[in-house]
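Visitor: Give me coordinates for this.
(one chain, ligands or ions: 1)
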Amino acid sequence: MKRTAGQDRSLTQRWRPATRAVRGGTWRSEWGETSEALFLTSGYSYEDAATPAARFAGEAPGMTYSRTQNPSVAMLEERIALLEGAEACRAQASGMAAMTAALLCQLSCGDHLVAARAAFGPCRWLVDNLLPRFGIERTIVDARDNAAWEAAIQPNTKVFFFETPANPTLDLVDLEAVCGIARAHGITTVVDNAFCSPALQRPMEFGADVVAYAATKLMDGQGRVLAGAVCGTNEFVTTKLLPFQRNTGPTLSPFSAWVVLKGLETLDLRAHKQSETALEVARFLEARVPRMLYPGLESHPQFALAQKQMAAPGCIFSFVLDGGRAQAHAFLDALELIDISNNIGDTRSLMCHPASTTHSSVAPEAREAMGVAEGMLRMSAGLEDPEDLIDDLDRALRAVGL
Ligand SMILES: *Cc1c(COP(=O)(O)O)cnc(C)c1O
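Guide: Sure thing, here's the model as predicted:
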């Protein structure tokens with residue numbers, strides 16, 4: 001394998017994001033391929049017995065087994081680290097594998113974490129159901145309220161965990177303020193940046209310690225594979241994340257890593273274009289539905305914060321109909337173009353009813369408290385012509401009497 005300029009941090013750190021997205025992390029084999037090679041191999045062979053001994057002892061570089069390292073996965077990890085502005089990154093089998101690893105690798109029995117009330121259903125499940133089984137207690141806060149984070153701190157608080165914007169309420173967390181509170185108390189912030197990707201928001205620039213991803217979403221961005229990633233300092237990755245990952249195995253397949261590498265090449269273009277489409281569609285809907293939730297609209301209570309910490313408001317918004325689940329389901333059933341699907345960040349526009357899908361694992365009272373109303377619908381805008389999306393939404397609105 002030959003290192004390219006993309007492997008040289010002294011060069012790549014000077015590159016701008018668009019260059020990093022297509023060239024960062026590239027290795028080349030003896031064939032000199034331009035597109036990154038796909039190494040579908042679980043193991044590696046060695047010239048002699050001393051070589052694996054040195055590698056296992058950490059005394060020589062090189063691959064030992066694909067649960068720990070693989071060249072295709074390593075290229076993706078370096079590219080994501082560069083886009084994020086992180087020292088290091090480890091790819092994970094899915095977004096939820098990333099969240100689980102980012103929390104469990106650093107929390108122990110007797111520790112406490114503070115987590116955002118509005119969150120992706122499985123993220124709330126981790127905090128509410130899994131962590132307490134291991135003696136890790138939590139306090140749930142309204143993440144929009146900076147003072148609530150500070151007030152929830154206990155002597156044993158180790159981690160702040162939140163997403164911004166939150167799925168599906170689009171609540172924002174003030175990254176600079178909340179990460180600053182955590183820093184002042186020696187608490188590690190874990191930010192789930194799935195809704196933005198590094199193209200639209202880089203939490204580390206505002207003081208976040210660990211940024212975790214569902215690379216399934218905008219990074220692949222074409223609805224093909226599940227993937228995740230955790231970014232942090234070299235120290236965090238080497239001493240906390242890597243031992244956890246090596247011994248528990250939430251490893252990303254080289255095939256999926258390769259697909260996401262291809263996705264990253266167009267991430268910036270897609271994220272910005274889909275965000276523009278979302279804004280256009282949201283402006284149309286705002287005049288027709290009782291409640292719109294999108295940080296790109298001046299009507300969003302955290303519009304100013306969105307302008308400060310996000311490069312663009314993103315491709316996802318939610319809205320609430322007054323007629324509860326029945327009207328929301330009827331709206332979905334009237335769509336012709338937009339797919340009924342609970343994925344996000346795809347090139348195709350997708351819409352779902354969170355209460356009966358992504359958030360069905362959250363207890364109804366907790367769901368209500370986090371603002372996931374029975375009449376709420378969440379849309380992820382794709383790359384279709386916005387006018388066709390508006391026509392489809394108009395049809396569905398008429399079908400439910402709006
Ligand atoms: C989708 C999603 C995840 C989980 O990602 P998977 O790849 O589906 O496991 C985590 N957090 C947020 C905010 C998400 O939208």
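Visitor: rest of the way, CA atoms for contacts and neighbours
Guide: Fine.
Visitor: and Ile340, what are its phi and psi?
Guide: Main-chain torsions, Ile340, degrees, to the nearest 10: phi -80, psi 110.
Visitor: ok, now how distant is it from the ligand?
Guide: 16 Å (Cα to the nearest ligand atom, to the nearest Å).
Visitor: Which residue is the nearest non-sequential neighbour of that residue?
Guide: Leaving aside its chain neighbours, Ile340 sits nearest to Met351 (5.1 Å; criterion: Cα to Cα, 6 or more residues apart in numbering).
Visitor: And that neighbour, which helix or strand is it part of?
Guide: strand 350-352 (DSSP states H and E).
Visitor: Please identify the pairing partners of that strand and their relative orientation?
Guide: strand 339-340 (parallel), strand 376-380 (antiparallel) (DSSP bridges).
Visitor: Get me the contact residues on the stretch 201-350 of the chain for the ligand.
Guide: 214, 216, 226-228 (Cα under 6 Å from any ligand atom).
Visitor: Dump these into JSON lines; add neighbour count as well.
Guide: Compiled in JSON lines, those are given as follows (neighbours: other Cα atoms under 10 Å):
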{"residue": "Ala214", "neighbour count": "27"}
{"residue": "Thr216", "neighbour count": "27"}
{"residue": "Leu226", "neighbour count": "21"}
{"residue": "Ala227", "neighbour count": "27"}
{"residue": "Gly228", "neighbour count": "28"}
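Visitor: pLDDT and secondary structure for the residues you listed - can I get that in CSV?
Guide: As requested, these are exported to CSV (pLDDT from 0 to 100; DSSP: H, G, I helix; E, B strand; the rest coil):
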residue, pLDDT, secondary structure
Ala214, 97, strand
Thr216, 98, coil
Leu226, 98, coil
Ala227, 98, coil
Gly228, 98, strand
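Visitor: Please compute how far the strand holding Met351 lies from its chain's middle.
Guide: Here strand 350-352 is found 18 Å from its chain centre; the criterion is Cα atoms, centre = their mean, to the nearest Å.
Visitor: Look up how far Ala147 lies from the residue of the chain found nearest the ligand.
Guide: Residue nearest to the ligand within the chain: Gly95 (3.2 Å; Cα to the nearest ligand atom). To Ala147, Gly95 is 29 Å away according to Cα to Cα, to the nearest Å.
Visitor: Arg291 too?
Guide: 27 Å.
Visitor: picking that back up, outside of the strand holding Met351 itself, list whatever touches it.
Guide: Strand 350-352 is contacted by residues 332, 338-344, 377-382 when judged by Cα atoms under 8 Å, 6 or more residues apart in numbering.
Visitor: quick one, strands of the protein?
Guide: 2-3, 27-28, 88-92, 112-116, 137-141, 157-163, 188-192, 210-214, 228-232, 291-293, 316-320, 339-340, 350-352, 376-380 (DSSP state E).
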